[in-house]
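Asks: Structure for this input, please:
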Amino acid sequence: YDGKCVFCRIARREEPGTALLPCQFEDLVCFRDIRPSAPHHYLVVPVEHMGNCKTLKAEHIPIVKRMMEVGKAVLQKNNFSDLNDIRMGFHWPPFCSISHLHLHVLAPASQLGFLSRLMYRINSYWFIT
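Replies: Numbering: from 1, shown residues only. Modelled structure (predicted):
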């Protein structure tokens, strides 16, 4: 836990302004992005402080898979069912503003604006899916 990390505080329910969405795993939380780039823009975050995506190793594959599962589930709970029109990924350092691992879940991807299409471009130098 890092008290200076906003995502650690959100995960511990210490940020009253951020509502957590239902999540099927106790080691993850999900909430809306404060600057949404799509009608549905959620962040899935491990409760335990983890570095950014550059620090991921093979042993983290299960948590990343669970993060993606949570992303799909939250979209479906919010009546978005076209899983072919979504974008999920991580910003690659130095292009991530918070260095606590967080998965961006965006939908519909077809409605991303020009700048958002750049920011969340599939497997670009700054965003990996």
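Asks: OK, contacts around the residue nearest to the spatial centre of the chain?
Replies: In the chain, the centroid-proximal residue (CA atoms, centre = their mean) is residue 103; its distance is 2.5 Å. For residue 103, the contacting residues are 43-45, 64, 67-68, 71, 88-90, by CB atoms under 8 Å, 6 or more residues apart in numbering. Glycine gets a C-beta too; all of them are placed from N, C-alpha and C.
Asks: one more time with 7 Å, if that's ok
Replies: By CB atoms under 7 Å, 6 or more residues apart in numbering, the contact set of residue 103 is 43-44, 67-68, 71, 88, 90.
Asks: helices or strands next to whichever helix in the chain runs longest in the packing?
Replies: Determined from DSSP state H, the single longest helix within the chain is helix 61-77. Counting by 3 or more CB pairs under 7 Å, 6 or more residues apart in numbering; DSSP states H and E, the packing neighbours recorded for helix 61-77 are strand 28-32, strand 40-46, strand 103-107.
Asks: And that helix, what's buried?
Replies: For helix 61-77, the neighbour count (16 or more other CB atoms under 10 Å) marks 63-64, 66-68, 70-75 as buried.
Asks: quick one: which of these is nearest residue 39?
Replies: residue 75 (10.5 Å; CB to CB).
Asks: Give me the pLDDT for the closest one.
Replies: Residue 75 carries a pLDDT value of 97.
Asks: Now do it against residue 40, distance only.
Replies: Separation of residue 75 from residue 40 (CB to CB, to the nearest Å) stands at 6 Å.
Asks: intersection of neighbour lists for those two?
Replies: residue 107.
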